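Peer 1: this one's sequence-less:
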């Protein structure tokens, strides 16, 4: 006769039995370390940041006065600081919009048509730029976009330099060369963040079942109607996810505008300079709160517009 | 009046595989037509050829006499109830049902009124504001039906429409679909691998095997007079007898079929063998035995003694039950 159950063979069996009888113990064991990390280190530092932003710098002694005040936030609304915020916001919006437009056909192709080796090549092509250092890529672009760089050379040798000259003579966004204009900053932002837009977008498009598209056509929808009434709404959560990346990464970046562009300041640069050289931690913290608020507003608007209905 | 759907030597290749192999088919207007076959037999491809999601490699498809070779799916006056229903998850039930009217440019009030009407027809009148995720399988099926029917198609295609439902719901839906088809009078073409579903619902059906049609006929014809060994075996799991046995039973030297339920226990009979297994089915018991070297199944109705496994029995059958088939496998 075989017994109804086998005896436990050691500590491992005893532990497995314990976890099987009380699944919560296992859950607590698994979740405690990451929750501690998230709660203390991650959210804690965010809370510290928030707290700092309600302090102010004593303008006479240059010391931080640890008393609650909204004075620091008021400083954000000075003309120069406001223009930094506005400039960052415009740049982030433009980069997000452009990335969406560039990424969509690539993501759509990869999700709908690419198979096997072609799909592997797609992933490699999108991820490869992420494997090399961000700084190297940005400096490489400084050379590419420079006045004596390859872009100018190609434009001259193909007799399309008039196009480049026209683009650079645009008011406000133009400049002496691509490397020293808003156009250049914009180009490099788009290049660097594009994979973060393509990947979630492709994942979202891949999740749209083919029968859904067939159903739309079956019910009389033209390709264009199917796209706007079925494909887009179903892929929107992915597109929003991608745009969160491109938008927030642009909002917080301080290196690209330092290396490429007309040395106009952005939120990230302001934070970097204020907490470093100026030692004005409260104002730096207040600046850092701005992208958080912008993202919250953005997500609320997206939610209101029904972007997450398909989730 | 031209037939609702007509296939003329239609072939559809997928690489070297002939999913549909030179099929000729005529489906009359107003028919409830079933395409029956095992998976991979080409029945679903035939349905997709009618809806336009597949294009024939050769041959011609006509819908109400009109050659549809150059007509994309959205311009065909046929609608499909998909196997997985393919309801749009981001739209409410009402928006799902009125989708076809919306893309044709009908105003909101008008299309909602029509959609409500159609939802009432499938008994989901008060569900318009829900999302598909909040419905049960049977309810989703009805929404898919309403969404197709609201466009007043001339032909309605149903791809395994009841496959995902449990038995009780499936039987109820069979009756309902049949009643709906009678009431609306439009041509229903449905694909199924379930022979009892095809027999009970369809006016006529085509049995598919390896991309070809093995037999077309009414359910009674298909069941009682299977044309080939495949049809006899696939529809109702009939006993297929080799020529030698047919001859021994007094028929010509050809393959024949003998329905399990036409076999009766007797003191003496033309078929004798040992009971090998029995399977209780509720309405009766299905026993298998080997007689004259051929494995046979017999269905014994409930209420009579079932011979235990290992006993020697004799079976008899009415003379007209032996159906002679042609040589096609």
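Peer 2: Everything's here; your move. In this text the structure is predicted, and so the values were computed from the model without any measurement.

Peer 1: other SSEs contacting the helix or strand of chain A with the lowest mean pLDDT?
Peer 2: When each helix and strand of chain A is scored by mean pLDDT, DSSP states H and E, strand A:64-65 comes last, with a mean of 81. The criterion is 3 or more Cβ pairs under 8 Å, 6 or more residues apart in numbering or on different chains; DSSP states H and E, and the helices and strands that strand A:64-65 contacts are strand A:56-57. C-beta coordinates here come from the backbone N, C-alpha and C atoms, glycine included.

Peer 1: Need the contact partners of the strand it packs on.
Peer 2: A:63, A:64, A:65, A:67, A:69, A:71, A:72, A:279, A:280, A:281, A:282, A:283 (Cβ atoms under 8 Å, 6 or more residues apart in numbering or on different chains).

Peer 1: how near is the last one to residue A:59?
Peer 2: Okay, so that is residue A:283. Computed as Cβ to Cβ, to the nearest Å, the residue A:283 to residue A:59 distance reads 11 Å.

Peer 1: residues touching residue B:184, list them.
Peer 2: Residue B:184 neighbours (Cβ under 8 Å, 6+ apart): residue B:149.

Peer 1: Distance-wise, check it relative to residue B:57.
Peer 2: With the distance defined as Cβ to Cβ, residue B:184 ends up 34 Å from residue B:57.

Peer 1: Neighbouring strands - and their directions - for the least confident helix or strand of chain A?
Peer 2: strand A:56-57 (antiparallel) (DSSP bridges).

Peer 1: follow-up on the earlier one: next, format the contacts of strand A:56-57 as a markdown table and append secondary structure.
Peer 2: Formatted as a markdown table, the contacts of strand A:56-57 follow (DSSP: H, G, I helix; E, B strand; the rest coil):
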| residue | secondary structure |
| --- | --- |
| A:63 | coil |
| A:64 | strand |
| A:65 | strand |
| A:67 | coil |
| A:69 | coil |
| A:71 | helix |
| A:72 | helix |
| A:279 | coil |
| A:280 | coil |
| A:281 | helix |
| A:282 | helix |
| A:283 | helix |
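
Peer 1: Who has more neighbours out of residue A:283 and residue A:59?
Peer 2: Comparing residue A:283 with residue A:59 by other Cβ atoms under 10 Å in any protein chain shown, the one with more neighbours is residue A:283, at 25 against 8.

Peer 1: And the closest residue to chain B within the stretch 51-200 of chain A, how close does it get to residue A:206?
Peer 2: The stretch 51-200 of chain A approaches chain B most closely through residue A:115 (13.9 Å), counting by Cβ to the nearest Cβ. Distance of residue A:115 to residue A:206, given as Cβ to Cβ: 12 Å.

Peer 1: Need phi/psi at residue 66.
Peer 2: Going with chain A. phi -80, psi 60 (degrees, to the nearest 10).

Peer 1: Oops, wrong one, chain B.
Peer 2: Torsion angles, degrees, to the nearest 10, at residue B:66: phi -100, psi 130.

Peer 1: Report the contact partners of residue A:89.
Peer 2: A:251, A:294.

Peer 1: mind checking which helix or strand it is in?
Peer 2: Taking DSSP states H and E as the criterion, the element that holds residue A:89 is helix A:79-112.

Peer 1: next helix or strand past that helix?
Peer 2: As assigned by DSSP H and E, the chain's next helix or strand after helix A:79-112 is helix A:116-131.

Peer 1: Select only the buried ones of the contacts of strand A:56-57 in PyMOL?
Peer 2: Buried members of these, defined by 16 or more other Cβ atoms under 10 Å in any protein chain shown, are picked up in PyMOL with:
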select buried, chain A and resi 71+72+280+281+282+283
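
Peer 1: Switch the contacts of strand A:56-57 over to JSON lines; also include distance to residue A:22.
Peer 2: Listed next are the contacts of strand A:56-57 as JSON lines, based on distance: Cβ to Cβ, whole Å:
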{"residue": "A:63", "distance to residue A:22": "54"}
{"residue": "A:64", "distance to residue A:22": "49"}
{"residue": "A:65", "distance to residue A:22": "52"}
{"residue": "A:67", "distance to residue A:22": "49"}
{"residue": "A:69", "distance to residue A:22": "50"}
{"residue": "A:71", "distance to residue A:22": "53"}
{"residue": "A:72", "distance to residue A:22": "50"}
{"residue": "A:279", "distance to residue A:22": "53"}
{"residue": "A:280", "distance to residue A:22": "52"}
{"residue": "A:281", "distance to residue A:22": "47"}
{"residue": "A:282", "distance to residue A:22": "48"}
{"residue": "A:283", "distance to residue A:22": "51"}
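
Peer 1: Checking the residue in the stretch 151-300 of chain B that chain A sits nearest to next. Helix, strand or coil?
Peer 2: For the stretch 151-300 of chain B and chain A, the shortest gap (Cβ to the nearest Cβ) falls at residue B:151, measuring 6.5 Å. With three-state DSSP as the basis, residue B:151 sits in coil.

Peer 1: any idea how far residue B:89 is from it?
Peer 2: Shown here: residue B:151 relative to residue B:89, a distance of 21 Å by Cβ to Cβ.

Peer 1: These two: who's more crowded?
Peer 2: Comparing residue B:151 with residue B:89 by other Cβ under 10 Å, the one with more neighbours is residue B:151, at 23 against 16.

Peer 1: who has more neighbours, residue A:115 and residue A:206?
Peer 2: residue A:206 (15 against 9).

Peer 1: so where's the stretch 101-250 of chain A uncertain?
Peer 2: Applying pLDDT under 70 to the stretch 101-250 of chain A flags no residue at all.

Peer 1: do that again at 90, thanks
Peer 2: A:112-116, A:123, A:127-134, A:145-157, A:159-181, A:207-210, A:232-241, A:244 (pLDDT under 90).

Peer 1: in it, which spans are helices?
Peer 2: A:116-131, A:134-145, A:150-157, A:161-168, A:182-206, A:210-218, A:223-226, A:232-252 (DSSP state H, counting those that start in this stretch).

Peer 1: and of these, who's closest to residue B:173?
Peer 2: Smallest distance to residue B:173 across the helices of the stretch 101-250 of chain A (Cβ to Cβ): 19.7 Å, for helix A:210-218.

Peer 1: Measure how far the closest one is from the centre of its chain, please.
Peer 2: 32 Å (Cα atoms, centre = their mean, to the nearest Å).

Peer 1: Helix A:79-112 and that helix, what's the angle between them?
Peer 2: Helix A:210-218 and helix A:79-112 are oriented at 90 degrees to each other (axes from the mean of the first three to the mean of the last three Cα atoms, to 10 degrees).

Peer 1: Packing partners of helix A:210-218?
Peer 2: Using 3+ Cβ pairs under 8 Å, 6+ apart, helix A:210-218 is in contact with helix A:223-226, strand B:78-81.

Peer 1: Who are the contact partners of residue A:102?
Peer 2: Listed by Cβ under 8 Å, 6+ apart, the contact partners of residue A:102 are A:190, A:194, A:197.

Peer 1: Who wins on neighbours among those?
Peer 2: Neighbours here mean other Cβ under 10 Å. Within the contacts of residue A:102, the largest count is held by residue A:197, at 31 neighbours.

Peer 1: Next up, the contacts around it.
Peer 2: Counting by Cβ under 8 Å, 6+ apart, residue A:197 touches A:96, A:99, A:100, A:102, A:103, A:242, A:243, A:245, A:246.

Peer 1: With residue A:222 instead?
Peer 2: For residue A:222, the contacting residues are B:74, B:103, by Cβ under 8 Å, 6+ apart.

Peer 1: next one: residue A:50
Peer 2: A:285, A:289.

Peer 1: Check the offset of the host helix or strand of it from the chain's centre.
Peer 2: Using DSSP H and E, residue A:50 sits within helix A:44-53. Remark: helix A:44-53 is offset 22 Å from the chain centroid, using Cα atoms, centre = their mean.

Peer 1: No more questions from me, cheers.
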